[in-house]
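Q: With the sequence up front, the predicted model follows.
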Amino acid sequence: MTIRVASIPSPRYLGAVLALAAGALAACGSREPATAADDPVARGKYLVTAALCNDCHTPMKLGPNGPERDEAHLLAGHPQGVVVPPPPAAQGPWNVSTTDTMTAWSGPWGVSFTANLTPDPETGLGTWDAQTFIDTIRNARHMGKGRPLLPPMPAELIATLTDDDLRAMFAYLRSIPPVRNRVPDPIAPSIAAATP
């Protein structure tokens, strides 16, 4: 697979993405599906969809009509077999880049790879419980207390949801098929710049 790296403007672009996510989340309370009150998984699917989680956590692939989501890797994060080249050098206001899978991002924070949100016990959220998920979002830290969550993850926006909403999102993530996919660790800025 050839990886093309697309540069995007920041902070305007990232701000626009976050604004769209905020708007989608704000709308969640007013347009919930009829089954949401009775079915936390349905509510969780609605919230995961409205929060645009698939846009980064489900890799894109080239289909017959252009880029499309790789549904076989639904919410599985950056594909473990896709090794990305060093990111392009930042120039002027263009300091954020992403791969054509939309699962690897580079910027002043280094390189981040979107996480595997499937219930795989070894590479995803399979060993997590709902409280760990809530703590991760509320504290913006991996497993609630580890390394910081990195851009483009809009944890501060998702953290505005209620605990019940976050539990519903977690219930939905537990209901999808597990995908064994080990996502690389983030790359620090100095290492990312030095990688040949």
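A: Received it, and whenever you're ready, just let me know what you need. Owing to the predicted nature of the structure, the values given are computational and were not obtained by experimental measurement.
Q: Give the helix, strand or coil label for the nearest residue to Gly126 once chain neighbours are set aside.
A: Once flanking residues are discounted, Gly126 sits nearest to Pro119: 4.7 Å by Cβ to Cβ, 6 or more residues apart in numbering. Bear in mind the C-beta positions are built from the backbone N, C-alpha and C, glycine included. Of the three states, Pro119 takes coil under DSSP: H, G, I helix; E, B strand; the rest coil.
Q: Relative to Val179, how far out is Pro119?
A: 9 Å (Cβ to Cβ, to the nearest Å).
Q: One more: Thr99?
A: Computed as Cβ to Cβ, the Thr99 to Val179 distance reads 18 Å.
Q: More neighbours: which of these two?
A: The neighbour comparison of Thr99 against Val179 (other Cβ atoms under 10 Å) goes to Thr99, with 23 against 19.
Q: Cross-check the contact I'm expecting between the more buried one and Pro85.
A: No: judged on Cβ atoms under 8 Å, Thr99 makes no contact with Pro85 at a distance of 9.1 Å.
Q: Would you mark the buried spots in stretch 68-79?
A: By neighbour count on 16 or more other Cβ atoms under 10 Å, the buried set for stretch 68-79 is 69-70, 73-79.
Q: so how far does it reach from one end to the other?
A: 15 Å (Cα to Cα, to the nearest Å).
Q: Distance from the chain centre to it, please.
A: A distance of 11 Å separates the centroid of the chain from that of stretch 68-79, by Cα atoms, centre = their mean, to the nearest Å.
Q: next one: stretch 175-183
A: 14 Å.
Q: Return the set of buried residues in it.
A: So for stretch 175-183, counting by 16+ other Cβ under 10 Å, buried means 176, 178-179, 181, 183.
Q: Could you report the separation of the residue nearest to Gly126 from Val96?
A: Distance of Pro119 to Val96, given as Cβ to Cβ: 30 Å.
Q: which of the two has more neighbours?
A: The neighbour count for Pro119 versus Val96, taken as other Cβ under 10 Å, is higher for Val96 (24 against 19).
Q: can you give me the helices for the protein?
A: Per DSSP state H, the chain carries helices over the ranges 12-28, 40-50, 53-57, 130-139, 155-158, 163-175, 189-194.
Q: averaging pLDDT over each of those, which comes out lowest?
A: Looking over the helices of the chain, mean pLDDT reaches its minimum on helix 12-28, with a mean of 47.
Q: so how many other residues sit close to Thr127?
A: With neighbours defined by other Cβ under 10 Å, the count for Thr127 comes to 11.
Q: what sits against it?
A: Pro121 (Cβ atoms under 8 Å, 6 or more residues apart in numbering).
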